[in-house]
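**Student:** Please work out how this folds:
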Amino acid sequence: MSQIDVTIMGQSYKLSCNEGGQAALMQAAVYLDEKMCALRDAAKLKGTDRIAVMAALTISAELLATKGPVGPFSELTMAEVKKQILDMNDVLDEALTPQENLF
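**Tutor:** Residues are numbered from 1 along each chain as shown. As a prediction, the model looks like this:
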C-alpha cells in the first residue's frame, strides 16, 4: 500500500491505494474536485455533504450513460454496473476512513 495527498474542494486528504494505483486515484480525485467545485459554484450549495451526494449522483449518471449500446459497459447487466459502483464505494470508504480520525 502507498499513500497520496489530494485536495478536494480545498480540503487535503491522505489516501491509501494499492501500488501502481496512484495515478488512477489522483485522476479520480482531480475529477471529483472539478465536479464538486462546479456544483458548489453553479447550484450555490452550501454543505459539503450535499455537494458530495450531488457529485456522486452526477458521476453515477455519467457512468450509467456509458452503458449505451456502444459504450465500454454495454456488455454488463445493470446488476454488474451496480456491483462495480458498490465496489468503488467500498474502495473510497477504505481510503477515506482514516480521514475521519483527523476531525
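**Student:** can you pull out the helices in the protein?
**Tutor:** 22-43, 48-65, 78-100 (DSSP state H).
**Student:** What ranges in this protein fall below the confidence cut-off?
**Tutor:** Residues of the chain meeting the criterion pLDDT under 70: 67-74, 99-103.
**Student:** From the centroid of it, which residue is nearest?
**Tutor:** In the chain, the residue lying closest to the centroid (CA atoms, centre = their mean) is residue 32, at 5.6 Å.
**Student:** so how far is residue 80 from it?
**Tutor:** Applying CB to CB, to the nearest Å, the value for residue 32 to residue 80 is 23 Å. For the C-beta atoms, the positions are set from N, CA and C on the backbone; glycine is no exception.
**Student:** one step back: tell me who's in contact with the residue nearest to the centre of the chain.
**Tutor:** 8, 55, 59 (CB atoms under 8 Å, 6 or more residues apart in numbering).
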